[in-house]
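Enquirer: Quick one, structure for this:
(4 chains)
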2 protein chains.
Amino acid sequence: MGLMSEPRWLTDEEQRVWRDFYTAVGMLRAHLETQLQQDANMPHTYYELLVTLSEAPGQVMRMSDLAVATRSSRSRLSHAIARMEDNGWVRRRACETDKRGSFAHLTQAGLAALEAAAPGHVEAVRASVFDQLSPEQVRQLGDISAVIVDNLSPRCAAAAEELERLERDPAGA
Amino acid sequence: MGLMSEPRWLTDEEQRVWRDFYTAVGMLRAHLETQLQQDANMPHTYYELLVTLSEAPGQVMRMSDLAVATRSSRSRLSHAIARMEDNGWVRRRACETDKRGSFAHLTQAGLAALEAAAPGHVEAVRASVFDQLSPEQVRQLGDISAVIVDNLSPRCAAAAEELERLERDPAGA
DNA sequence: GCAGATTGGTTGAGGGCTCAACTAGGGGTA
DNA sequence: TACCCCTAGTTGAGCCCTCAACCAATCTGC
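Expert: Predicted coordinates:
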């Protein structure tokens, strides 16, 4: 596509679908976020961290692996784990073999918080999504999501590599 | 549903679909947000405000109407408009007939910012969604979104009313 | 006309996120 | 060993959001 070419605007139909989709996603996020915040006093990202940790063997993970698994930046994870440590949900442990490294491991209190939060959250997801859709639509939603993820995943990786390249070689020589 | 009843957990299939969907939405949001932030120096919520204002007759709207139209809280809108006013994209005007009221009206600079941002944003939406889906899938996505919105809309309204009721009558007498 | 409730909007504190800068340990090569 | 780069993780500033408190103007019932 040339720099000056006419943008490919959305058709009326596409625009309608896009606005509905964006609205649906926004309402869904807001709904789940407030449900979790009010009933379990945690944002959804922390819930994801607790779930991921709880599924790890020994309920311990390297910070870096946890960041990849939750598609979180290192910075975000570091801030989040710091706060969750204050809550008593997680404890950090040093890595013996690589002194730079750090483990996050789920505490009993963390597991308890997750187990308290899960039923309400799952019920909210079921009530607002799966109860509303036919089995056929659930399958369709899965396919559509997979297509979008497959398309965006390499793009994210490519962007990250491009950034790294630029940092190493700012002049683009 | 009784208070102590067993939660209706998701099936494996539902869980797979849910994780894919959540991943897709997360990647999509992140992708569009950074595209808009880097290319047009605005968050997506400000883009929505500019679009909504630009479509209003006279490119003016009451703050309250703008909040409803963008499903934004009054507080969020107030903060956002304050910042956009600093950017020169919007100006506030007092309402003569209701001295509590306030109008937000789009400036030339605001319209220019929107027109500069739109092509890149639309292209990103097209590339990451509509180019990836068949016409049939676009239709499916529209239907699914509409179902979710229809279900969640009254729930939001009901929750808001419930909150108001509780504030007026905290004891629930 | 006036007291009380409601509405329109703003404000400040606090939380979560991003971005850029930084510390510190590990690994390769001469 | 010395040097350089890379990796793991943390930190602080700044932005956006939410929540609760607040002010001022309007409406309602008496």
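Enquirer: Now do the contacts for the residue of chain A found nearest DNA strand D.
Expert: Among all residues of chain A, A:Ser64 sits closest to DNA strand D, at 2.8 Å; criterion: Cβ to the nearest atom of the strand. Every C-beta, even on glycine, is put in place using the N, C-alpha and C of the backbone. Going by Cβ atoms under 8 Å, 6 or more residues apart in numbering or on different chains, A:Ser64 touches A:Arg74, A:Gly101.
Enquirer: The strand or helix carrying it: which residues count as buried?
Expert: Using DSSP states H and E, A:Ser64 sits within helix A:63-69. For helix A:63-69, a neighbour-count test (16 or more other Cβ atoms under 10 Å in any protein chain shown) marks A:Met63, A:Leu66, A:Ala67, A:Ala69 as buried.
Enquirer: Which pair in those residues has the greatest spatial separation?
Expert: Pairwise distances across the buried residues of helix A:63-69 peak at 10.7 Å for A:Met63 and A:Ala69 (criterion: Cβ to Cβ).
Enquirer: What ranges in chain A fall below the confidence cut-off?
Expert: A:1-5, A:155-173 (pLDDT under 70).
Enquirer: ok, which stretches of chain A are strands?
Expert: Remark: strands assigned in chain A by DSSP state E are A:60-62, A:90-94, A:102-106.
Enquirer: just so I know, which of those strands lies nearest B:Ser128?
Expert: Closest among those, using Cβ to Cβ: strand A:60-62, at 29.8 Å.
Enquirer: Could you pull up phi and psi at A:Asn41?
Expert: Main-chain torsions, A:Asn41, degrees, to the nearest 10: phi 60, psi 40.
Enquirer: ok, it - how many residues close by?
Expert: Residues lying near A:Asn41 (other Cβ atoms under 10 Å in any protein chain shown) number 12.
Enquirer: do the same with A:Arg29
Expert: By the criterion of other Cβ under 10 Å, A:Arg29 has 15 neighbours.
Enquirer: ok, now A:Glu96?
Expert: Count around A:Glu96 with other Cβ under 10 Å applied: 7.
Enquirer: Distance check, it against A:Gly58.
Expert: 15 Å (Cβ to Cβ, to the nearest Å).
Enquirer: Same question for A:Ser134.
Expert: 41 Å.
Enquirer: same thing with A:Asp98?
Expert: With Cβ to Cβ as the criterion, A:Asp98 and A:Gly58 are 17 Å apart.
Enquirer: just A:Asn41 next, same as before
Expert: On the measure of Cβ to Cβ, A:Asn41 and A:Gly58 end up 26 Å apart.
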